[in-house]
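Engineer: Need coordinates for the following:
(3 chains)
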Amino acid sequence: MTIEDVVNELQEQLGSFAAIFQRNQKRVYVDVPPEQTLQANRYVFETMKGRLATATGRDTPERIEVLYHYCFDSLGIVVTVRTWALKPDCELESVATIFPGANFIEREIYDLLGVKFLNHPDPRRLILSDDWPEGVHPLRNDSPIRRARNETQEFMRAITDEVTTP
Amino acid sequence: MSLKTWALKKSVWIYHANVGACNNCDIEVVDCLTPRYDIERFGMILAESPRHADAIAVCGICTRQARPRLQELYLQAAKPCLVLCIGACACTGGIFRPCYHFAGPVDDVIREVDPHAIIAYVPGCPPKPEAIIAGAVKALGVLDNL
Amino acid sequence: MKRTVIPVGPFHPIQEEPEFFQLTVEGERVVDVDVRISYNHRGIERLCQDLTYDQIPFILARICGICSASHPIAFCKACEDLSGAEVPLRGKYLRTIICELERIHSHLLWAGLAGHFIGYNTVFMWAWKYREPVLDLLETLVGNRNNYENFVTGGCRRDIPQEMMPDIIKVMDEIQGPCEMLTNAVLDDPVLKVRLGGVGILTYEDAVKWCTTGPTTRASGVPIDVRADEPYACYDILDWQVITQPQGDVFAKVVVRMLEVLEAIKILRQCVEQIEPGPWRNEVREMPEGEGIGHAEAPRGETFHYVCSDGTNYPIRYKVRAPTYVNLPSFRASVIGQELADAMLTVAAMDPCYSCTERMQVIRPRLGNKKEVLDQKALLEMSWAKTERIRKSV
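Structural biologist: The predicted structure is shown next:
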């Protein structure tokens, strides 16, 4: 099986709602609307036997993109399923309902970018501290955690304390 | 020098705490126990509980989550207790100082609960085991004045 | 049966990373396990958005002290995927040399700690003693025992002079004997087989479902290794093998790691033999717009990096996924059902940048609600006592 076979298979199965783009000999990107994210992820994981390496979140002006990266180890390629959560609700179906490997990965995206994963088996905070204020997501471009190279530590603490105190 | 201080200096039990480090400094601290540097011949071993500790070796930037726990740890240790800040991250925050999860270099965190804490700084990234031993020995010299 | 929740709090003497485990036990069996990780979170992804592509490898070397070479290499691969840059051949050999030296010192480190956990303190001391020549060698080659800032997009930052290559062979000769001795000692020891065999089994299906990587998954029979699947550096031109074991228990993980050390020594000898003088870096001056993905095989598994660029000097999104991040949740599959004395060993076998057990506080509601507190020493002694029982019966 080669990368072209993978692209053709994706085109056949998901082409009705997804846009498939082969970037180079080893990278394939599949853009999927949020309504079909479960279907696409289920197909890539269960039928095509991809291994979820991680999921990345990206903050853009109108939406937050979530990219699920699947490694196909025997072929040495990475297939990225890109979906998005529209602002301001930022909700997306959770892939952790299909397989448990996505559990921690989605919790991290919730912490850092504020995407709510619906039906996630364990939607708790993962990597931010217990006293971190709710609603402050560090990787969002509009979050108050902005950083300048010469900021002192007191200034940084003032920013986070400012958002902590109600 | 009282008998207690003399006995303490002869056998320092070090408790190691990682408060947000990359593990480099932690490996070098544990490396001090191994046959090449072997601090056990000086009577120094790693203590299993902070209550038995004579020195706390702290590595890492103090993250927000670890900050109250580090203070609790320091309060649990019997005084006099040295604090060794191992590595650039513990001394000043190092390259992670601008991070949002950074909650103060270790000396500020400890001084908040005990303004008279004895703190020694061992800079480096990571400091070599020789530097850690030299730092510990220098800090022990302070105990003479107690 | 009454259930007890055991908090395994963040700080521990021999364990290097603070993590908070909550084990729910019924009698001696673990029925549920949960983890709280936040103590080590530093916000590196946010930091990387304000640094240039030249500055980022220095930060990445300090994500984890033991995967100090793997994170920068994955970054370089991501940037090379984005920009299409090629690495010259000598640069590839130099990258391989550093990566394999790191693999040796990391696996020996883990072997020592695993030995300490089951009461084989001699293994601890010997394994760490034989790490020292490797660390000295790294200091001679790149300047630091643990942080190798030698990787940039397009190659290596500095050359390793040809005169230093015989030193590598000398160190390999020095440690090959002891590593083989340690490996054979592990494979032949009947007590270890009983103590570690059948403990913390991660089945093939679970390993796939939880998407684990590295020796943790290779010990369950899943033959994935980034060095073979998507070769980087020189792994496609050297002669080496992917080591797998089918059983999935702690013993299999030990065997996989020890054999990987011997494999790494083999790879290093080939590198030194085959390396030729030449350029070691192709300068990359511009980063185009787009996305890049790079992954490398760290000693613990696959590190996965994603970079998104808008054409400027600073990435707009940089994502790092360390191998322990996907291996750690799999403890739900391997720890549940184990005895208390084995729970910490199972977590340690996953090599989460060391083990993650610490001071345990066992609260057993007895007459008058008396608290029975087991500190770390008692916990270790529980594990050592089990080893002793097994040794007497074998």
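Engineer: any idea where the strands of the chain begin and end?
Structural biologist: Using chain A here. A:19-24, A:27-31, A:51-59, A:63-72, A:77-86, A:91-93, A:116-118 (DSSP state E).
Engineer: oops, chain C please
Structural biologist: C:3-8, C:20-26, C:29-36, C:151-152, C:155-156, C:289-298, C:301-310, C:317-321.
Engineer: now these as a markdown table including mean pLDDT and distance to A:D111?
Structural biologist: For every residue, glycine as well, the C-beta is placed using N, CA and C. As requested, the strands of chain C are exported to a markdown table (pLDDT from 0 to 100; distance: least, Cβ to Cβ, whole Å):
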| stretch | mean pLDDT | distance to A:D111 |
| --- | --- | --- |
| strand C:3-8 | 72 | 22 |
| strand C:20-26 | 76 | 16 |
| strand C:29-36 | 80 | 13 |
| strand C:151-152 | 90 | 29 |
| strand C:155-156 | 91 | 35 |
| strand C:289-298 | 92 | 22 |
| strand C:301-310 | 91 | 17 |
| strand C:317-321 | 89 | 14 |
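Engineer: Any idea which of those gets closest to A:C90?
Structural biologist: Ranking the strands of chain C by proximity to A:C90 (Cβ to Cβ) places strand C:317-321 first, at 16.2 Å.
Engineer: hang on, the earlier thing: in CSV, list the strands of chain A along with mean neighbour count, distance to B:F96 and mean pLDDT.
Structural biologist: Formatted as CSV, these follow (neighbours: other Cβ atoms under 10 Å in any protein chain shown; distance: least, Cβ to Cβ, whole Å; pLDDT from 0 to 100):
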stretch, mean neighbour count, distance to B:F96, mean pLDDT
strand A:19-24, 14, 33, 89
strand A:27-31, 20, 31, 92
strand A:51-59, 24, 22, 90
strand A:63-72, 22, 26, 92
strand A:77-86, 22, 29, 92
strand A:91-93, 19, 31, 91
strand A:116-118, 16, 29, 90
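Engineer: The ones you listed: which one's closest to chain B?
Structural biologist: Across the strands of chain A, chain B has its closest neighbour in strand A:51-59 (15.2 Å, Cβ to the nearest Cβ).
Engineer: I'd like the strands of chain C as CSV, with mean neighbour count appended.
Structural biologist: As requested, the strands of chain C are exported to CSV (neighbours: other Cβ atoms under 10 Å in any protein chain shown):
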stretch, mean neighbour count
strand C:3-8, 17
strand C:20-26, 19
strand C:29-36, 17
strand C:151-152, 26
strand C:155-156, 25
strand C:289-298, 23
strand C:301-310, 25
strand C:317-321, 23
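Engineer: want to throw those strands into a markdown table with distance to chain B?
Structural biologist: What follows is the strands of chain C, written out as a markdown table (distance: least, Cβ to the nearest Cβ, whole Å):
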| stretch | distance to chain B |
| --- | --- |
| strand C:3-8 | 12 |
| strand C:20-26 | 9 |
| strand C:29-36 | 9 |
| strand C:151-152 | 16 |
| strand C:155-156 | 20 |
| strand C:289-298 | 13 |
| strand C:301-310 | 14 |
| strand C:317-321 | 12 |
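Engineer: Now distance to C:I44 too, for these, in JSON lines please.
Structural biologist: JSON lines is the format used below for those (distance: least, Cβ to Cβ, whole Å):
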{"stretch": "strand C:3-8", "distance to C:I44": "26"}
{"stretch": "strand C:20-26", "distance to C:I44": "21"}
{"stretch": "strand C:29-36", "distance to C:I44": "20"}
{"stretch": "strand C:151-152", "distance to C:I44": "17"}
{"stretch": "strand C:155-156", "distance to C:I44": "23"}
{"stretch": "strand C:289-298", "distance to C:I44": "16"}
{"stretch": "strand C:301-310", "distance to C:I44": "11"}
{"stretch": "strand C:317-321", "distance to C:I44": "6"}
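Engineer: I'd like to know which of the ones you listed lies nearest to B:C85.
Structural biologist: Of all the strands of chain C, strand C:20-26 sits nearest to B:C85, with 23.3 Å by Cβ to Cβ.
Engineer: Let me know whether the closest one sits next to chain A.
Structural biologist: No: if you take Cβ under 8 Å from any Cβ of the partner chain as the test, strand C:20-26 misses chain A, and the best it gets is 10.5 Å.
Engineer: shaky segments in chain B?
Structural biologist: Judged by pLDDT under 70, chain B has its weakly predicted residues at B:1, B:146.
Engineer: tell me, what residue is most central in chain A?
Structural biologist: With distances taken as Cα atoms, centre = their mean, A:V66 lies nearest the centre of chain A, 3.0 Å away.
Engineer: separation between that residue and chain C?
Structural biologist: A:V66 is 11 Å from chain C, where distance means Cβ to the nearest Cβ, to the nearest Å.
Engineer: middle-most residue in chain B, spatially?
Structural biologist: Short answer for chain B (Cα atoms, centre = their mean): B:A57, at 2.0 Å.
Engineer: Can you name the residues of chain B that neighbour chain A?
Structural biologist: Counting by Cβ under 8 Å from any Cβ, chain B sits next to chain A at B:63-65, B:93, B:97-98, B:100-105.
Engineer: quick one: which of those residues sit in strands?
Structural biologist: Among the residues of chain B next to chain A, no member falls in strands (DSSP E).
Engineer: ok, and which of those reach chain C?
Structural biologist: Answer for the residues of chain B next to chain A near chain C (Cβ under 8 Å from any Cβ): B:63, B:65, B:98, B:100-102.
Engineer: Export the residues you listed as TSV, with columns for neighbour count and distance to C:G115.
Structural biologist: Shown next, in TSV, are these (neighbours: other Cβ atoms under 10 Å in any protein chain shown; distance: Cβ to Cβ, whole Å):
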residue	neighbour count	distance to C:G115
B:T63	28	30
B:Q65	26	31
B:P98	20	40
B:Y100	25	39
B:H101	27	34
B:F102	25	36
